[in-house]
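In: here is a sequence together with a model predicted from it:
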Amino acid sequence: MIPFLLTFRESLEIVLQILLVVSILNRGNKIYIASIVSILAGAISAAFYSHDIFISKALTGLSFLFYLFCIILPVAAPSETAVVLMTPLFFLPHSFELTSVLINKAYLSGRSVYIQGLIGALLSISVFYMIRRYLLRNVQLQGFLHHREVFLLIATFNLLFGGNREFSDASMIPYIQSLLTGLITGLIGLISGQLLFPDVQVFDTTLKGLFDFLASPRFSMAIITILILFPPVYLLLNLLLSQEPELDGFEKKAMIRKKISLYRGQLYKRGIPLIFSFASLIFLIHGANLVINPVYEPRPIGLTQEDGLLKIPLMDSSGDISDQKLRKYTFLKDGNSYRILVMMRPDGEVVATLDACEICPPIGYVQKGRYLICKYCNTPIPPESFGKAGGCNPIPLPYRVNGDTLILNVQEIVETSKMIGSKFTGRH
Amino acid sequence: MRQVLGIAGSGWFLLSIIFIMGSIYSVNSFIKELPPQELLLKLFDNIPFEVSYFLFIIGLFLRALKHIIDERSKKIGAILIIIGLIILLLSSYLSIRTRSVMDIKARTGDSTAYGLISRINSDMPDRILIIGKEIPKRPGRVEVEILSKERIERIGLYPFSIIGKKALFISDLNISPSIEVSYKEERLRADYLSLYPPKGETRVRFPGGQYTLFISLYPERSYKKGRLDVNEYNISSPIYRIVIKDGNRTIFEGLLKDNDQRSEGKISVSLRRSGEWVNIRSVEDIFLFPMYVGIMVLLTGFMIIIVKAIRSLIG
């Protein structure tokens, strides 16, 4: 991206966050000073240390903790003063990364990058000034947001737009998740060493299963999910369980209605940003889960018949079948399309099945990790049982292997495919 | 006094300390991947970490004190968790500073500082089948019998055994022969190598540095299953593939079993005492038990909180 646009975009992100905080809390000057100090500290550190591998790695470690901190902060933030003190924390790593990127670009394209960067930053500041001067002059955000919601929104905002990871185009949650896995693995090593738990390479020993589970990406993802979703859920529950207005003592119904209306208005105003954050975070976690456990669904390869036979090479441009990845093939017979799965089981046996089972409608299967997953009912099929009939297992096909070629009989496939969904539809 | 208690025993103070310690831990662990024990020592050589660690313990202590002074006897679970944590953190620190560790590698029949190794009982399989690249691993145990002053001591994996002031446990188990090689004026003796599971060659340099010995387990049977290579290894009576190289030039290559001796030209290779060996780790650490006590107190605190929560839900 052009340095001018990059700096403008990033600076705008920062100033909008400052604007949000300043609008909610009447501590403008303190927040400005703290933010400017923090941004300058990030930029100056980058100017001196952006090429230093030590600092770069340290920043990786710190940003991990920093983002965890950001997530927890909305719940922990006890007062407006704490928010004022904490706000600049958001800007230091961001400013460090932005300056580092500019320095690298300047190294490649010359010093004009700095001028472009400066123009971008100045433009974002003028946008900030105009919004503050003309748009927010008569808007009272204090009644709309509580300081905790502000922090939650900022944390969500940083997570959504990648925070200081966006320059490397890496998604934030898988990044935090992988760092947390590393942290847990290290801590397990420390604790087991101190308490004299053995780590014999030959066997799986006492507590090995537990340690493996704790050090698994799945566990750290669960922790991240809890950490991320806890603040909005907690704040939402707090809001919903907040004390209802006292209506005793009001004799006029109009006054009671007004009181209730004010209470409801308050609920809506404070609830909307919370629900927005909650929904955004669910969306982010789902995305991260897909990145961590990608679903593999190969595009079916078209086959042509030769004397009523289908010949599938086990070693072709898509690789060797021993990679244990799912392969899909398709062919046409009398105007009907048939899909076939071919995969090697962990015991080395190459197996061919239909891309359908006897129970579900024939939507097919995908591969997730080592499991096949039925796209209709989400049943995970262990690879060991691939090729065995029954349940939601793909319907096995008769086949033979001749050297590096798997051979199937078209008529047998047509006959076998009559079983598709037979138990579901009652058809035979 | 109450103000000091209020600040130093507050959740914010403790959280800030955790943040500082976490930052130092992150920086140290991400810069270079160190083995856990080395990382631990490195952390405790870091003054800011050490100071934060003690501030955290003081903060915890003041928090427990605050709970007790405020007569919140209902919070017994929380108090136990804090006390358990203090015991654990203090004893861990002292353990790191004072622990002495010694490793002894031995086979059946070897005489050690603790006595004669009379037997190694292990679940090491007699044969192993490796299909493709997947190496099967299953739960197992190992126990060593040591004959000392007409008493038999048994040392296993976990829990550790206590002999005198030392905690002993088996920290490694493997198979290897004792190899002796002589070539020209060079002599090489290698023992206690880690050859199991059979996944590659183990390399040993001759003392002079010019020659290298490569040793690995050799399959008794190899065949194809489906499209995968299957190798069957005999572990109780293993065959070893030995290659000796002078730079990139192979000067010896052969399959040998236990008690085999082979000479080719100026090179002579002999194998003996093939079989299991164990590494017995002896740890002298008077703070090991306080660490376990801390964990027990901590867990008791958690249990009380859980039980109380369940009771209040039912009630």
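Out: The structure has been received and is ready for your questions.
In: how does chain B divide up, domain by domain?
Out: By the record's domain assignment, chain B is partitioned as B:2-98+B:289-314, B:104-282 (automatic domain parsing).
In: including mean neighbour count, mean pLDDT and distance to residue A:243, could those domains go into CSV?
Out: Using the backbone N, CA and C atoms, a C-beta is placed for each residue, glycine as well. Converted to CSV, those look like this (neighbours: other C-beta atoms under 10 Å in any protein chain shown; pLDDT from 0 to 100; distance: least, C-beta to C-beta, whole Å):
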stretch, mean neighbour count, mean pLDDT, distance to residue A:243
domain B:2-98+B:289-314, 16, 83, 22
domain B:104-282, 16, 88, 54
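In: I'd like those domains written out as a markdown table, with distance to chain A added.
Out: What follows is the domains of chain B, written out as a markdown table (distance: least, C-beta to the nearest C-beta, whole Å):
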| stretch | distance to chain A |
| --- | --- |
| domain B:2-98+B:289-314 | 3 |
| domain B:104-282 | 3 |
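In: looking at those domains, spot the one closest to residue A:294.
Out: Proximity of those to residue A:294 was assessed by C-beta to C-beta; the nearest stretch is domain B:104-282, lying at 21.8 Å.
In: end-to-end on the closest one?
Out: 8 Å (C-alpha to C-alpha, to the nearest Å).
In: same question for stretch B:157-170.
Out: Here the two ends of stretch B:157-170 are set 5 Å apart, with distance taken as C-alpha to C-alpha.
In: and that stretch, how far out from the chain middle?
Out: Stretch B:157-170 has its average C-alpha position 13 Å from the chain's average C-alpha position, going by C-alpha atoms, centre = their mean, to the nearest Å.
In: residues making contact with it?
Out: Counting contacts by C-beta atoms under 8 Å, 6 or more residues apart in numbering or on different chains, the residues outside stretch B:157-170 that touch it are A:196-198, A:200, A:203, A:205-207, B:114, B:141-144, B:148, B:153-156, B:278-286, B:288.
In: from those residues, which land in helices?
Out: residue B:288 (DSSP state H).
In: what are the buried residues along stretch A:123-131?
Out: Using 16 or more other C-beta atoms under 10 Å in any protein chain shown as the test for burial, stretch A:123-131 gives A:123-124, A:127-128.
In: is it true that residue B:202 touches residue B:191?
Out: No: distance between residue B:202 and residue B:191: 11.9 Å, which falls outside the contact criterion (C-beta atoms under 8 Å).
In: find residues that contact each of these two.
Out: Residues touching both residue B:202 and residue B:191 (C-beta under 8 Å, 6+ apart): there are none.
In: with residue A:312 as the reference, measure out to residue B:240.
Out: From residue B:240 across to residue A:312, the span is 42 Å (C-beta to C-beta, to the nearest Å).
In: what's around residue A:112, how many residues?
Out: For residue A:112, the count of nearby residues is 12 (other C-beta atoms under 10 Å in any protein chain shown).
In: just the helices in the stretch 201-350 of chain A please.
Out: For the stretch 201-350 of chain A, helices defined by DSSP state H, counting those that start in this stretch occupy the ranges A:208-214, A:217-240, A:253-292.
In: tell me the angle the second one makes with helix A:253-292.
Out: On the basis of axes from the mean of the first three to the mean of the last three C-alpha atoms, to 10 degrees, helix A:217-240 is oriented at 170 degrees to helix A:253-292.
In: for helix A:217-240, which helices and strands make contact with it?
Out: helix A:53-76, helix A:147-160, helix A:172-194, helix A:253-292 (3 or more C-beta pairs under 8 Å, 6 or more residues apart in numbering or on different chains; DSSP states H and E).
In: go again with 6 Å.
Out: Of the remaining helices and strands, those touching helix A:217-240 by 3 or more C-beta pairs under 6 Å, 6 or more residues apart in numbering or on different chains; DSSP states H and E are helix A:53-76, helix A:172-194, helix A:253-292.
In: give the buried residues for that helix.
Out: Buried-residue list, helix A:217-240, by 16+ other C-beta under 10 Å: A:219-221, A:223-225, A:228-229, A:231-232, A:235-236, A:239.
In: cool, and the first one?
Out: Neighbour counts over helix A:208-214 (16+ other C-beta under 10 Å) mark A:208, A:211, A:214 as buried.
In: how far does the strand or helix carrying residue B:121 sit from the chain's center?
Out: Element membership for residue B:121 (DSSP states H and E) is strand B:115-122. Its chain's C-alpha centre and that of strand B:115-122 lie 20 Å apart, by C-alpha atoms, centre = their mean.
In: that strand pairs with which strands, and in what direction?
Out: Sheet partners assigned to strand B:115-122 using DSSP bridges are listed as strand B:111-112 (antiparallel), strand B:142-148 (antiparallel).
In: okay, the ones you listed in CSV with distance to residue A:254 next?
Out: As requested, those are exported to CSV (distance: least, C-beta to C-beta, whole Å):
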stretch, distance to residue A:254
strand B:111-112, 93
strand B:142-148, 83
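In: so which of the ones you listed is nearest residue A:304?
Out: When those are ranked by proximity to residue A:304, the top entry is strand B:142-148, at 58.5 Å, counting by C-beta to C-beta.
In: from what I can see residue B:244 touches residue B:213, true?
Out: Yes: the pair residue B:244 / residue B:213 is scored as a contact, 5.3 Å apart, by C-beta atoms under 6 Å.
In: and the stretch 101-250 of chain A, which residues reach chain B?
Out: Of all the residues in the stretch 101-250 of chain A, those in contact range of chain B (C-beta under 6 Å from any C-beta of the partner chain) are A:186, A:189-190, A:193, A:196, A:198, A:200, A:202-206.
In: where along the stretch 151-300 of chain B do the helices fall?
Out: Going by DSSP H, counting those that start in this stretch, the stretch 151-300 of chain B shows helices at B:288-314.
In: let me see the backbone angles for whichever residue of the stretch 251-400 of chain A sits closest to chain B.
Out: Relative to chain B, the nearest point of the stretch 251-400 of chain A is residue A:348 (3.1 Å; C-beta to the nearest C-beta). Its backbone dihedrals place residue A:348 at phi 90, psi -10, with angles given as degrees, to the nearest 10.
In: and what of residue B:110?
Out: The main-chain torsion angles of residue B:110 are listed as degrees, to the nearest 10 and equal phi -80, psi 150.
In: residues in contact with it?
Out: Under the criterion of C-beta atoms under 6 Å, 6 or more residues apart in numbering or on different chains, the contact list for residue B:110 reads residue B:117.
In: what of the one 4 residues further on?
Out: Residue B:114 makes contact with B:146, B:148 under the criterion C-beta under 6 Å, 6+ apart.
In: what domains does the record give for chain A?
Out: Following automatic domain parsing, one finds the domains of chain A at A:3-292, A:301-425.
In: if you average pLDDT over each of those, which is lowest?
Out: For these, the bottom mean pLDDT is recorded on domain A:3-292, which sits at a mean of 77.
In: now do that domain: distance from first to last residue.
Out: Here domain A:3-292 reaches across 32 Å from its first residue to its last, counting by C-alpha to C-alpha.
In: and stretch B:6-17, by the same measure?
Out: Start to finish, the residues bounding stretch B:6-17 are 15 Å apart (C-alpha to C-alpha).
In: check stretch B:133-144 too.
Out: With C-alpha to C-alpha as the measure, stretch B:133-144 spans 31 Å from end to end.
In: what lies in contact with that stretch?
Out: Taking C-beta under 6 Å, 6+ apart as the criterion, the residues outside stretch B:133-144 that touch it are A:203-204, B:120-123, B:154-156, B:170, B:173, B:197, B:278.
In: noted, bye for now.
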